[in-house]
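Asker: no sequence on hand, only this structure:
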C-alpha cells in the first residue's frame, strides 16, 4: 500500500460528473486555455457540489510550510459546554493535519478575570499564525485583538461576537435573537403579570460577558413587545455553594410570591433547576441555555422547561477550518456566520445529538 | 497535474497524528504483524476521528464494478419537502461518484395510490443494486420489499419506518415522538378544554400514510397524558381547492366555537394557515411539520405557531451513503437512525438552514 492512497474526488471523477474531458477540467482548475461557457458552468457546478479544493493541500504540502493556531477558551470538565466546543476543534484538527496545521489550546477560568489577564500575558510571548478566541472577557479581548492586528495575526471569534474588532469571522448564534427565543419559550405559558427570576453567576472581577448582555437585551425586548407586566429579579448565585444559593433564592421567593418564571443567560441553569427540584416548586417555568449534561438531565426530568442551544461543536470545527482556508488558500470566510438556534424540550432532547451530516 | 491529486488523510498523516511510525499504521490497517495495545488504541482513535475508509474506494475503483441505486420518492416542486430530500441525495451522489455509484430517481404522486402502483410495475422490470424508499404507501411498500428480499437487493427506508420489513436501515424521525412534540407545542398555551382541528388532505385511494398514523398516535398520547378535555375535529381538505376548504372549515368553526388549536400531520399546514389568515382567526394556535417554503412564510408571518422538522437533506444523504458503504465495503449501518426533531418558531427560523457541518 502506498502512503498516498486517497479517498476523495479526482479530476477524472469530476470530468465524468460534468460530462467533459479530463483536459477540460484541468484547464478550468488551473485557469488556462479556453473552455466553453457551458462546460465552464457544468464544471463549476460539480466543483461546488464536491467542495473541491486541491490548491489548498497542494500548496501547503508542496511548500512544507507549517501553521500553528491557538484556541483561547475556558477550561472545562467533561460534559460541559466547552467540552463540545473542544470536540469540534479536535475534529477540525484531524482534518487540518493535511494542511500542516496544529492547534494549541490555551485555557482560562471563565469565572475569574485575572486568569484571562495572565493568559493574555502568556499569549503575548507566543508565536502563532492564527487564533480562535472565545469572547467571554470582551473588554480585554478588544485591546488584545489590536495587538494581533499589529502582528498581522488573523483571529476568529466564537460564542459571541465583538463587531468592533477586525476579526476574520464570527461563528456563533445571534445572542440577541437567542435571548428573544428564551423569552418566547418562557413567556408562552406565563401570566403576563408574573415575576421572573434571573439567575446570575457571580464572577470574580467581571461584570458579565457580552453574550450575557446581548441575550438579556433580546429577552427584555421580547417581553416588552409582548406586554409583560411583571418584574425581573436578579439572583446572585455561586457556582459551588448550594447552601448560599438556597438562602438567596428562598428569600427572593418569600418576598416575591408572584414569581412564576426563571431564566439563566449562560450554561448554568442546572443551579436554578436544582433549587426548584429540591424545594418542589413545580409551578415555576425555567428556561436556560446549552445542552450540557446537567442541564439535559434537568430537562429530561421535567424541571427545566426548555433549553436554547447553539451547536458548540460546529463553532469549534468551523472556526478552525476558516483559519486554515484563509492561511493556506487565502479564501476568506463570511464575516458573520450565525449558527442555528436549537430548541430542546423534554420530548426532543433524546434525539438531539444524532445530528451528523 | 496528475489525475489522482487528492485531498484527504494519508497514512503518513495518520502516523503523525498517532505519534507512531508509518509501518505501524500500515500493520494496523492491513491487520498483519504485531502492534502494542497502546499504539493500536491510538491509531484506532485517529482512524475513527478522520473516518478513514481506504478499502472502500480501493476495492471499488480496482474492481471497476459499478453500482446503480434507485431512489423511490414523491415528485416535487422547488421549495417542497421532497426537494430538500433530493438535494441530500444529490450531495451523496457527488461524493459517491468515487464509489462508482449512480442514483436513479423514480417518482410518484404522493396523493395518488395508483401512481405508486404503476411505479412499482416499472421497478419490477428494472435492474438495480440497492434502493432508497420513501414509505408513504406502506401497505404497498411491504409486499414490494419481499420481492426485493427475494432478488437480494438491499433497501433503506426514509421518512417513516416499517419495522416489519427486512430493511437495511431507516433514516428519519421517530414519528410517534414527533407527534408528541407537536402536541406539546400546540397544547402549551391552549386551554385544556379547547377543541382542535386536524387538517387531513384527501388522498386518492389512500387511507393516509403510516407516518401520519404514528404522529397522530404520539399526538393523542401526549394530550391524554396531559388532561386534554377538548375534542379533535377532522377536516377533510383538498390540495388545490381553496374555496372548498373554506366551506369545510367555515362550517366546522361555526359548529364548534371552542376550537382554539389546529394541526396537520404532514407538510401541508400552509393550507390551514392560509384559511386562518384569510378569516383573521388570530386566536387559533397552529402547529405543523416541515420547513417547506410556504410553511416557513406562514411561520414568519406569525400565522403558524410552530413547525416540527426532520432534516430531509440529511435523510437523503445518509440513506444513499449507507447503501454505498454496505454494497462496496460490506459495512452495515445501524438499523434505526433517528434524526433530530427540530423545533422552529418565528424567532429561530431565520437561522435554521445555516446548519452546515
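Answerer: Done, it's in. Small disclaimer: the values here were computed from a predicted structure and weren't measured.

Asker: ok and the residue in the stretch 51-200 of chain A nearest chain B?
Answerer: For the stretch 51-200 of chain A and chain B, the shortest gap (Cβ to the nearest Cβ) falls at residue A:94, measuring 4.1 Å. Where C-beta positions appear, they are placed from N, C-alpha and C, glycine not excepted.

Asker: I figured that residue hits residue B:14, correct?
Answerer: No: under the criterion of Cβ atoms under 8 Å, residue A:94 is not in contact with residue B:14, lying 9.4 Å apart.

Asker: number of nearby residues for the closest residue to residue A:20 other than its chain neighbours?
Answerer: Take residue A:20 and drop its neighbours on the chain: the residue closest to it by Cβ to Cβ, 6 or more residues apart in numbering or on different chains is residue A:39, 5.1 Å away. Applying the criterion other Cβ atoms under 10 Å in any protein chain shown, we find 18 residues in the vicinity of residue A:39.

Asker: so residue A:309 touches residue A:289, yeah?
Answerer: Yes: with contacts counted by Cβ under 8 Å, residue A:309 reaches residue A:289, the gap being 7.1 Å.

Asker: residue A:350: what secondary structure?
Answerer: Residue A:350 carries the three-state label helix when classified by DSSP: H, G, I helix; E, B strand; the rest coil.

Asker: can you tell me how far the residue of the stretch 51-200 of chain A closest to chain B is from residue B:18?
Answerer: According to Cβ to Cβ, to the nearest Å, residue A:94 and residue B:18 sit 11 Å apart.

Asker: so which residues of the stretch 1-150 of chain A form strands?
Answerer: Remark: strands assigned in the stretch 1-150 of chain A by DSSP state E, counting those that start in this stretch are A:67-74, A:101-108, A:130-134.

Asker: typed the wrong thing, it's the stretch 251-357 of chain A
Answerer: Remark: strands assigned in the stretch 251-357 of chain A by DSSP E, counting those that start in this stretch are A:259-264, A:285-289, A:306-309, A:336-338, A:342-344.

Asker: what are the pairing partners of the first one, and which direction each?
Answerer: Read that as strand A:259-264. In its sheet, strand A:259-264 lies beside strand A:195-201 (parallel), strand A:285-289 (parallel), with partners assigned from DSSP bridges.

Asker: tell me which element the closest residue in space to residue A:149 that isn't next to it in sequence is part of?
Answerer: Spatial nearest neighbour of residue A:149, excluding adjacent residues (Cβ to Cβ, 6+ apart): residue A:166 at 5.4 Å. Taking DSSP states H and E as the definition, one finds residue A:166 inside no helix or strand.

Asker: dihedrals phi and psi, residue A:166?
Answerer: Backbone geometry at residue A:166, expressed as degrees, to the nearest 10, gives phi -90, psi 40.

Asker: rewinding a little: which one's more surrounded, residue A:94 and residue B:14?
Answerer: Using other Cβ under 10 Å, the more surrounded residue of residue A:94 and residue B:14 is residue B:14, with 26 against 21.

Asker: local confidence estimate at the more buried one?
Answerer: You'll see residue B:14 listed with a pLDDT of 79.

Asker: how many neighbouring residues does the closest residue to residue A:275 other than its chain neighbours have?
Answerer: The shortest distance from residue A:275 to any residue that is not its chain neighbour, by Cβ to Cβ, 6+ apart, is 5.2 Å, and that residue is residue A:249. For residue A:249, the tally of surrounding residues (other Cβ under 10 Å) stands at 24.

Asker: SS state for residue A:249?
Answerer: Under the three-state scheme (three-state DSSP), the conformation of residue A:249 reads as helix.

Asker: hang on, the earlier thing: winner for burial among the strands paired with strand A:259-264?
Answerer: Comparing the strands paired with strand A:259-264 by mean neighbour count (mean count of other Cβ atoms under 10 Å in any protein chain shown), strand A:285-289 ranks first with a mean of 27.

Asker: ok, and what's touching that one?
Answerer: Residues external to strand A:285-289 that are found in contact with it (Cβ atoms under 8 Å, 6 or more residues apart in numbering or on different chains): A:178, A:182, A:185-186, A:189-190, A:215, A:260-270, A:272-273, A:276, A:295, A:303-310.

Asker: which residues of chain A score low on pLDDT?
Answerer: Segments of chain A classed as low confidence (criterion: pLDDT under 70) are A:1-10, A:30-33, A:50-64, A:98, A:203-208, A:355-357.

Asker: show me where it has its helices.
Answerer: Under the criterion DSSP state H, chain A contains helices at A:11-18, A:22-29, A:37-50, A:54-63, A:81-96, A:113-125, A:138-151, A:175-187, A:210-225, A:242-255, A:269-278, A:293-300, A:312-324.

Asker: summarise which helices and strands the third one is packed against.
Answerer: Of the remaining helices and strands, those touching helix A:37-50 by 3 or more Cβ pairs under 8 Å, 6 or more residues apart in numbering or on different chains; DSSP states H and E are helix A:11-18, helix A:22-29, helix B:81-96.

Asker: now do the buried residues in that helix.
Answerer: Within helix A:37-50, the residues that count as buried by 16 or more other Cβ atoms under 10 Å in any protein chain shown are A:39, A:40, A:42, A:43, A:46, A:47, A:49, A:50.
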